[in-house]
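In: Here you go, sequence then predicted model.
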Amino acid sequence: MEIPSGYGVVLVTAGNMQEAEAIANVLVEAKLAACVSLLPIHSIYIWQGELHKEQEWQLLIKTDLAQFPAMEAKIKELHSYEVSEIIALPIVASSQAYLQWISQQVKSEE
């Protein structure tokens with residue numbers, strides 16, 4: 001897979017608040033993410049041929065997308081789902097001050 005460039009938001013869902021917070025804490029402390037926002041959500045999906053309606057937690061992870069491979073590996077290590085949602089979306093416009101702040105919080109690839 002090609003490593004995305006620039007800044008972005010990574011979406012991850014977790015089955016409960018404790019797991020969501022645990023993942024968020026590790027990502028921020030490891031400087032893989034500048035900030036993680038947690039939101040309660042209601043998801044409807046098909047898994048193994050059955051319809052599921054679940055309360056989940058959405059993680060909105062703000063980061064430098066150069067960190068995506070390391071972040072993905074860490075999330076897979078910590079996550080309880082067999083197939084976890086890990087989707088990177090590029091930030092196409094933002095205030096320069098916010099992007100600079102992300103850059104200061106996330107470790108560089110040097």
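Out: It's in. Numbers count the residues shown, from 1 in each chain.

In: Would you check that Ala20 makes contact with Ala14?
Out: Yes. Contact criterion CB atoms under 8 Å: Ala20 and Ala14 qualify, at 4.0 Å. Any C-beta I mention is one placed from the backbone N, CA and C, and that applies to glycine too.

In: Could you tell me which residues touch both of these two?
Out: The contact sets of Ala20 and Ala14 overlap at Trp57, Leu59 (CB atoms under 8 Å, 6 or more residues apart in numbering).

In: in this structure, which helix has the most residues?
Out: The residue-count maximum for a helix in the chain (DSSP state H) belongs to helix 17-29.

In: helices and strands around it, which ones?
Out: strand 7-14, strand 35-47, strand 50-64, helix 68-78 (3 or more CB pairs under 8 Å, 6 or more residues apart in numbering; DSSP states H and E).

In: In CSV, please show the C-alpha coordinates belonging to that helix.
Out: Extracted in CSV, the C-alpha atoms of helix 17-29 (Å, rounded to 0.1, in the frame of the first residue of the first chain):
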residue,chain,number,x,y,z
MET,A,17,-15.5,3.7,25.4
GLN,A,18,-12.7,2.0,27.4
GLU,A,19,-11.2,0.5,24.3
ALA,A,20,-11.6,3.8,22.4
GLU,A,21,-9.8,5.7,25.2
ALA,A,22,-7.1,3.1,25.5
ILE,A,23,-6.3,3.3,21.7
ALA,A,24,-6.5,7.1,21.8
ASN,A,25,-4.1,7.4,24.8
VAL,A,26,-1.5,5.1,23.2
LEU,A,27,-1.6,6.9,19.8
VAL,A,28,-1.2,10.4,21.4
GLU,A,29,1.5,9.3,23.9
